[in-house]
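In: A predicted structure for the sequence below; I have some questions about it.
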Amino acid sequence: MTSDPSIREAAMKWAMATRAPDFADWEGFTHWLEKAPAHAVAYDEVHYALEQADPVIIALCQEDSEPAAANDNAPGWLASRRAWLGGGIAAALVMALTSVLWLGPQQGGLHETAPGETRLIALDDGSTVQLAGGSRLTIESPRAAQLETGQALFTIRHDEANPFVLTAGGERLVDAGTIFDVRLAGETLDVAVSEGAVIVAPERQAIRLDAGTRAVRTSGRYRLAAIAPEAVGEWSRGRISFENASLAEIAAELTRATGTRFTSTDAATRLSGSIATDALREDPRAVAGLLGVRVTRVGEGWAIAAR
């Protein structure tokens, strides 16, 4: 967590300003971010906290519609909305933001997400980790982490003298200046690189994955394949893809991505494709048309079966 109060204050001002529809000073914002790695870390922390506060804002707006004072001079993002928040609402909002602001990304220890939840973790050196739903990740230091299960997108600031090391599924992954995605499901390990390179198992196979390359480990063996760099980490943008996956595997991934419970006992039927998860959050039955399968309501979840 960023400890410098002046950096935190500046990050708060930029985060609130950039959320305004009419914000235009992107050049100034970029210049501030590039001044020091700690600026990007602080901004990510504030942005995360503001996202957590959004439900508070909505709830407050529903409870109070008192008009704003004519001499309102609140800064940035807050000022642009006090017209409809009202004086009392705005004061409560400030308290809410203060209470959640630095309870967001934490650098050390265990991070765990529920199905359908994502979390941004900002590291001291300016690197970030975006954790997918249904995942467990332990940050051991700013340059070392362990993925226990699930999926994470890593954006790492390269340091040749002190490389970032990720342990996943008993394998060591060493970054070489990169953006990469890692998924661990049981014994299956899937590593895809968008930018830079990753060295998989440097002590043994020393498999180098450059941008646009993917390695999938099943039954102890790695299979290499090409992948469009823009497709790496697409789950963070609301889309999941699968290749020759069983319906049971697809159901597990859909559950993790959406938070809606999908199940399947079919390990024989295999499909390849890509699904926008927002459609399934709105209507889980949409998976029937998207995959060409049968979907049946079972309790509080949905069962998937071949037609």
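Out: Received, thanks.

In: where does the prediction get shaky in the stretch 101-250 of the chain?
Out: 101-108 (pLDDT under 70).

In: all helices of it, in order?
Out: With DSSP state H, counting those that start in this stretch, the ranges of helices along the stretch 101-250 of the chain come out as 247-258.

In: the strands in it, which residues?
Out: 109-112, 119-122, 128-131, 136-141, 144-155, 165-168, 171-175, 179-185, 188-195, 197-200, 207-210, 213-218, 221-226, 239-246 (DSSP state E, counting those that start in this stretch).

In: how far does the fourth one sit from the chain's center?
Out: In this view, strand 136-141 has its centroid 15 Å away from the chain centroid, taken as Cα atoms, centre = their mean, to the nearest Å.

In: give me the helices and strands touching it, please.
Out: Applying 3 or more Cβ pairs under 8 Å, 6 or more residues apart in numbering; DSSP states H and E, one finds that strand 136-141 contacts strand 109-112, strand 128-131, strand 144-155. Yep, even glycine has a C-beta here, placed from its N, CA and C like the rest.

In: try 10 Å
Out: Packing partners of strand 136-141 (3 or more Cβ pairs under 10 Å, 6 or more residues apart in numbering; DSSP states H and E): strand 109-112, strand 119-122, strand 128-131, strand 144-155, strand 165-168, strand 179-185.

In: so what strands line up beside the second one?
Out: Taking DSSP bridges as the criterion, strand 119-122 forms sheet pairs with strand 128-131 (antiparallel).

In: can you give me the offset of the strand it pairs with from its chain's centre?
Out: With Cα atoms, centre = their mean, you get 5 Å for strand 128-131.

In: run through who's touching it.
Out: 40-41, 44, 105, 107, 111-113, 117-123, 137, 139, 145, 147, 150-157, 164, 166, 179, 181-182, 233, 235-236 (Cβ atoms under 10 Å, 6 or more residues apart in numbering).

In: mind giving me the domain ranges of this structure?
Out: 5-103, 109-231, 238-306 (automatic domain parsing).

In: those into JSON lines, with extra columns for mean neighbour count?
Out: Below are the domains of the chain laid out as JSON lines (neighbours: other Cβ atoms under 10 Å):
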{"stretch": "domain 5-103", "mean neighbour count": "16"}
{"stretch": "domain 109-231", "mean neighbour count": "18"}
{"stretch": "domain 238-306", "mean neighbour count": "16"}
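
In: mind listing what His31 touches?
Out: His31 neighbours (Cβ under 10 Å, 6+ apart): 25, 39.

In: secondary structure class of it, three-state.
Out: Three-state assignment for His31 (DSSP: H, G, I helix; E, B strand; the rest coil): helix.

In: check what pLDDT Asp22 gets.
Out: pLDDT for Asp22: 85.
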